[in-house]
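>>> got a structure for you, letters missing:
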């Protein structure tokens, strides 16, 4: 009980810090890969501060509330996860947060944000099966959906049983982190074909909240990556952190290597990967257990 | 017992009186309201009595007079069907009806069904079904009063047959009560047939060519199921010497003796619940007025099919019948949710969604284990409430804006805020955490994983994501805030409002109180059915977290409002590359002219359209049913 | 340390430019000049931008567009006119369709002359604009309306 409270507090306080540093190192490493110097690793914090200091212009009076809903439920998802809660409920809460975000874009009734919303919805449809399979995979291996049970289940990391699911999860992380080739709806890259997609009509402190939500979300997602590697031994935590860093680096590499694809390619490839990597893994697991 | 008799017979009596009340006025309106109040009162009395006494009740071993009456009625129904079949030159309908009624008449007359047993049962599942039929059903009848007035004001080309319409609604309620209270297979069959006829007559209400064609489609598919039902009854009576559903299920659990009637009854359930390949009739039934769609084709009649499957659940576990049911159910869940993506007609989306959810309940029943049936019952409860709410609000919106196309509901939150809000509550209730359908889907997923049905897990997992897509699309259309839209005049009648708001409350109340319902109704029912205890599928910790989420969703708008009170935000135009014409609805093109901007949802008909997906899925589902039935029946003979 | 000027996001708009200055602006983003090390991002969206970078002169067709984009930018904001055409119309100054430089329709803060303006000059101008942003932010916080 105490451990979960401490984890939640750590997540709430350190989440933005870690998330911001992740975003900053993303930009730095991307720049170095492109032969540039790149901004400081603290740049995302400067960005956030600037956004909080800008005037907020809106197109209607509900988009703010919807973005707050997005932030609140992302933080709720992360807190639920880090306090050891039920993994499927965590993913359902994540879906709820995503819906709030899409609603804020739809409410703006503007061409770019609406297109972004449809594309974001398509992205959600693409990754949702894999995400649910992750939860189910953990359940079959450890007999419980609760994160606190999964961590201490045995001294063999779950990834040994679920390599396919792990690879499938890394695949959909490309979508979740909003990286090429699957950054259809909105991205941190410069000028994209749909202006800024989902976030086109957001500005000032509301845009800052979206950034913050993305940082919390990224920390949570890396937490799931770590979950694949954690065992009941304390030093597995260090290995988990290393695996997270490596996975994040892999995502950055993929981002810089592949161009954006059309939604058909994203949907088909993701569902096929889910079927092959995820489902076959599940079938093997049900046979073993 | 007298309450039960009242519940079954009173609606028929009310229907008879209603068919004579030709004048459209307050008398009829208040008469309907009074009948509804009486039915609700009777249901509540029955439920309280049953819960307090705590035990299941069975009645009536001596029913010869009633049986004869039913036989006469069945022949009458056959006559009606043959008449319509001949009149509209749909002879296959007449043949089907003659075949099944012929079988039953032969059985009765040859004394084959004179087997001792109870005819009425009242257990916990009956309580749940009674509440659904009694409360939701009557709320829909209340709604129908206001709705039909607007309907005929808009559709002056349709003949106003409202007395007939209301009478049919009550006949249907009576038949449903009869169905859920019966434990004798011939009685269930009798009420089953009445519901098929009601559906047929109500779909063809406006007598347009499309309506007539669709009503016959519904009729032949339901009659085909009825034929399966009749064959099952004959087999049971002659070969197995049982006519009680309970006894059949006990006999069929774990053995192969009763496989043939069980699989035939399951087949009947599949047709009634519009599973693939019989989904066409439900889609076609959308041409009927909205109260019909809500009452028959989402909240109650199609529930009769899954109700039968749930009753059969222990006898479906682990055998070919169960395999057929789970495969068809899971596949239907997935494919119809893909098909719903390509539809823009609101009622068609709701129809596909209904079939999809029924598929999930079917799959739960087919798995036949404690956890799965728990999920199935919960799904049934939540779906009945949420879906009727959705249908009723679509009907009200259709009367106000003249269209039920989702594209025309763009910006509804500004044009018709109250209706839009109720619709948002309804849609959220269909797929979002922490609302009901999500809870049941979660339980179903867990149950499928526990029973090692990998195929079902795949179907559910992919189907959930496509479900998410078409509901959120619709939600997005509703919340678009188009600048300077005007509020439309709201022509929704008081009775419609009463019904809509009551149902919204019931839905939210059910989301909060489902653990109580589970504890006092569902768990005892499952304990009787499976003779085992299973730990709570959704633990109390998770229930608390979901309550927290519900509170957060409610508090959030209030909190944001309070925090930003007084701070004025600058409102600017939306970004259209600098070419916004100033009103957020049009942009200036390169010639300097204004062009209207139109935002549409994605329908992706090339991938998810009926042209692409329907034929292959009908073929696959039909093949699954035929192959599995042939193997099962062939193997058992 | 935490100043608005640490994260200046710019919006690049081509008024009626021959694209010479635009190519130089985009060159600033390339590894050779790498403007992102100052935290500058080229967003395509006025609502996200602090700096409005305009190339090319103003004509009758883009006058309302420029005004609209400027109006959709939240405060504090600065306008940078890049290239001589944006400053005063350049070699097209006497054309029948050109109204003149950007200052005919918007309050310009920084002028970067050149034809085409060199990346170093553009970056110099942007850096000065960024310093202006801090001042404007102070004024904005003091309660300057709008």
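Happy to help now that I have it. Here the structure is a predicted model, which is why all the values come from computation and not from measurement.
>>> so where's the stretch 51-200 of chain A uncertain?
Counting by pLDDT under 70, the stretch 51-200 of chain A contains low-confidence ranges at A:190-191.
>>> need the strands for it, in chain order.
Listed from the start of the chain, the stretch 51-200 of chain A has strands (DSSP state E, counting those that start in this stretch) covering A:57-58.
>>> ditto for chain B
Assignment of strands within chain B using DSSP state E yields the ranges B:57-59, B:120-122, B:570-571, B:586-588, B:594-596.
>>> can I get those strands in CSV with distance to residue B:430, mean pLDDT and mean neighbour count?
C-beta here means a position set from N, CA and C on the backbone, and glycine is covered the same way. Putting the strands of chain B into CSV (distance: least, Cβ to Cβ, whole Å; pLDDT from 0 to 100; neighbours: other Cβ atoms under 10 Å in any protein chain shown) gives the following:
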stretch, distance to residue B:430, mean pLDDT, mean neighbour count
strand B:57-59, 35, 73, 15
strand B:120-122, 31, 84, 22
strand B:570-571, 33, 84, 14
strand B:586-588, 34, 88, 19
strand B:594-596, 32, 88, 12
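>>> Just send those strands back as a markdown table, with distance to chain C too.
As requested, the strands of chain B are exported to a markdown table (distance: least, Cβ to the nearest Cβ, whole Å):
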| stretch | distance to chain C |
| --- | --- |
| strand B:57-59 | 67 |
| strand B:120-122 | 63 |
| strand B:570-571 | 7 |
| strand B:586-588 | 8 |
| strand B:594-596 | 12 |
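>>> Mind checking the ones you listed for the one nearest to chain A?
Between chain A and the strands of chain B, the shortest gap by Cβ to the nearest Cβ is with strand B:570-571, which sits at 4.8 Å.
>>> Sheet-wise, list the partners of that closest one with their directions.
For strand B:570-571, sheet partners with direction are given as strand A:57-58 (parallel), following DSSP bridges.
>>> can you list the residues that contact the strand it pairs with?
Residues outside strand A:57-58 that contact it (Cβ atoms under 8 Å, 6 or more residues apart in numbering or on different chains): A:64, A:201, A:203-204, A:206, B:569-572, C:47, C:72, C:74.
>>> And for residue B:38, the neighbour number?
Residues near residue B:38, counting by other Cβ atoms under 10 Å in any protein chain shown, number 16.
>>> Could you find the closest non-adjacent residue to residue C:49?
With Cβ to Cβ, 6 or more residues apart in numbering or on different chains as the criterion, residue C:49 has its nearest non-adjacent residue at 3.6 Å, and that residue is residue C:11.
>>> Name all residues that make contact with the one you found.
By Cβ under 8 Å, 6+ apart, residue C:11 lies in contact with C:42-46, C:48-49, C:51-53, C:69, C:73.
>>> and which of the residues you listed is nearest residue A:9?
Each of those was checked against residue A:9 using Cβ to Cβ; the closest is residue C:48, at 32.5 Å.
>>> What score does the closest residue in space to that closest one that isn't next to it in sequence have for pLDDT?
Sequence neighbours aside, residue C:9 is the residue nearest to residue C:48 in space, at 5.7 Å (criterion: Cβ to Cβ, 6+ apart). The per-residue pLDDT reported for residue C:9 equals 90.
>>> Name the residues linked to residue C:9 by a beta bridge.
With DSSP bridges as the rule, residue C:9 is bridged to residue C:41.
>>> Would you point out which residue is most central in chain C?
Using Cα atoms, centre = their mean, the residue of chain C that lies closest to the mean C-alpha position is residue C:53, 1.8 Å off.
>>> re the thing from before, distance to residue B:334 added to the strands of chain B, as TSV?
TSV is the format used below for the strands of chain B (distance: least, Cβ to Cβ, whole Å):
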stretch	distance to residue B:334
strand B:57-59	39
strand B:120-122	34
strand B:570-571	44
strand B:586-588	40
strand B:594-596	38
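>>> picking that back up, ok, now how distant is the residue nearest to residue C:49 from residue C:77?
From residue C:11 over to residue C:77 the distance is 9 Å, taken as Cβ to Cβ, to the nearest Å.
>>> which residues do the two both contact?
Contact criterion Cβ under 8 Å, 6+ apart; residues bridging residue C:11 and residue C:77 by contacting each: C:49, C:51-52.
>>> Mind checking if stretch C:19-26 is in reach of chain A?
No. Using Cβ under 8 Å from any Cβ of the partner chain as the criterion, no contacts between stretch C:19-26 and chain A are found, and the smallest distance is 9.5 Å.
>>> And that stretch, what's buried?
Residues of stretch C:19-26 classed as buried by neighbour count (16 or more other Cβ atoms under 10 Å in any protein chain shown): C:20-22, C:24-26.
>>> quick one on the thing from earlier: help me confirm that the residue nearest to the centre of chain C is found in a strand?
Yes. Counting by DSSP: H, G, I helix; E, B strand; the rest coil, residue C:53 is part of a strand.
>>> Do I have it right that it meets residue C:10?
Yes. Proximity of residue C:53 to residue C:10 meets the contact threshold set by Cβ atoms under 8 Å, at 5.2 Å.
>>> Between those two, which contacts overlap?
Shared contacts of residue C:53 and residue C:10, defined by Cβ under 8 Å, 6+ apart, are found at C:80, C:126.
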